[in-house]
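Asks: coordinates only, sequence not included:
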C-alpha cells in the first residue's frame, strides 16, 4: 500500500467535502485512484471536465502514482 | 511574468514593469468584479488558486505569447481571496514595437489564463447563497 495526499479544488472540494486527504491505496494510476475515491461520494462528477496533477505538474489519467505523491483533481478553471 | 496576489492589484506598478524603451505602445486589460452573472446579482467573489501549478501554467502562457507575437514584455497578475464589486481580478499588460502584436498578445494571454490556469471563482449572490462558477458561464467574449 502507498500513502498519498489527495487535493481537491473548486467545486470538487464540495463534492468530496474536503480539500485534502491522506489516503492509503494500492492503485497504480490516477484513473484507478479516481474510481476508488468515487466510493466515498454520492454525486458523481463529470470526469471529462476534470484535470489531474501529480506533485504540482499536470498529469493524465494513466499517470502512475508513487508513494508520497500529491495527486490533485481540478475542475474547469473559472478565473479572469 | 505571471503572479498570483492576495492583495489589491497596483496597476501603475504593473505598467512600470511592462514598459520597454524599444516599445512603441502598451496594451492592457483589467478584469473587474461585476455586480451580476447570468441572471443573478453578485455581492462578492472569492478566487481560489492552486498556486504552484497556476504560476507554472501562467508563465508557460506568457512564454507562448512571447514566441507567437513580436512583443517586448508581458506581465499578468491574478487576484485570489475575497473581492468586492469593482475590485480588479486580473491585469494583463503587453508592450510592443507595434500595436497589432500588442493587442493580439494581450488577448491571447487573457483567454488562455481564463481557460488553463487553475483558478476558480466562487460567487456570493444577493440572496446569500454562494456557488462555484462553471466555465460555461464565461463564454461572453
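Replies: Alright, I've got the coordinates. Just so it is clear, the model here is predicted, and its values are computed rather than measured.
Asks: Let's check: the centremost residue of chain A is which one?
Replies: residue A:73 (3.9 Å; Cα atoms, centre = their mean).
Asks: Make sure it is indeed in a helix.
Replies: No: using DSSP: H, G, I helix; E, B strand; the rest coil, the assignment for residue A:73 is strand, not a helix.
Asks: so who does it touch?
Replies: Contact analysis of residue A:73 by Cβ atoms under 8 Å, 6 or more residues apart in numbering or on different chains lists A:6-9, A:12, A:34, A:50-52. All C-beta atoms are positioned from the backbone trio N, CA, C, and that covers glycine.
Asks: can you pull the pLDDT of it?
Replies: Here, the pLDDT recorded for residue A:73 equals 98.
Asks: Ok, the one 3 residues further on next?
Replies: Among the per-residue scores, residue A:76 holds a pLDDT of 96.
Asks: What's the local residue count around it?
Replies: By other Cβ atoms under 10 Å in any protein chain shown, 20 other residues sit near residue A:76.
Asks: now do the one 4 residues further on
Replies: Under the neighbour criterion other Cβ under 10 Å, residue A:80 is assigned a count of 19.
Asks: My reading is that it lies in a strand. Confirm?
Replies: No: with three-state DSSP as the criterion, residue A:80 is located in coil rather than a strand.
Asks: Compute the distance between it and residue A:34, please.
Replies: 27 Å (Cβ to Cβ, to the nearest Å).
Asks: confidence score at the residue nearest in space to the middle of chain B?
Replies: In chain B, the centroid-proximal residue (Cα atoms, centre = their mean) is residue B:90; its distance is 3.1 Å. Note on residue B:90: pLDDT of 98.
Asks: That one reaches residue B:45, doesn't it?
Replies: No: the pair residue B:90 / residue B:45 is not scored as a contact, 11.7 Å apart, by Cβ atoms under 8 Å.
Asks: Next SSE downstream of the helix or strand of chain B with the lowest mean pLDDT?
Replies: One helix or strand of chain B scores below all others by mean pLDDT, DSSP states H and E: strand B:36-37, with a mean of 90. Beyond strand B:36-37 on the C-terminal side, the first helix or strand identified by DSSP states H and E is strand B:40-49.
Asks: for that following strand, packing partners?
Replies: strand B:73-79, strand B:81-84, strand B:119-125 (3 or more Cβ pairs under 8 Å, 6 or more residues apart in numbering or on different chains; DSSP states H and E).
Asks: Of the ones you listed, which is nearest residue B:4?
Replies: strand B:73-79 (5.7 Å; Cβ to Cβ).
Asks: Residues of chain B that sit close to chain A?
Replies: B:31, B:47-50, B:52-53, B:56-57, B:78, B:89-90, B:110, B:113-122, B:131-135, B:137-138 (Cβ under 8 Å from any Cβ of the partner chain).
Asks: Check the residues you listed for burial and list the buried ones.
Replies: B:31, B:47-50, B:53, B:56-57, B:78, B:89-90, B:110, B:113-114, B:116-122, B:132-133, B:135, B:138 (16 or more other Cβ atoms under 10 Å in any protein chain shown).
Asks: For residue B:136, report the pLDDT, please.
Replies: The model's pLDDT for residue B:136 equals 53.
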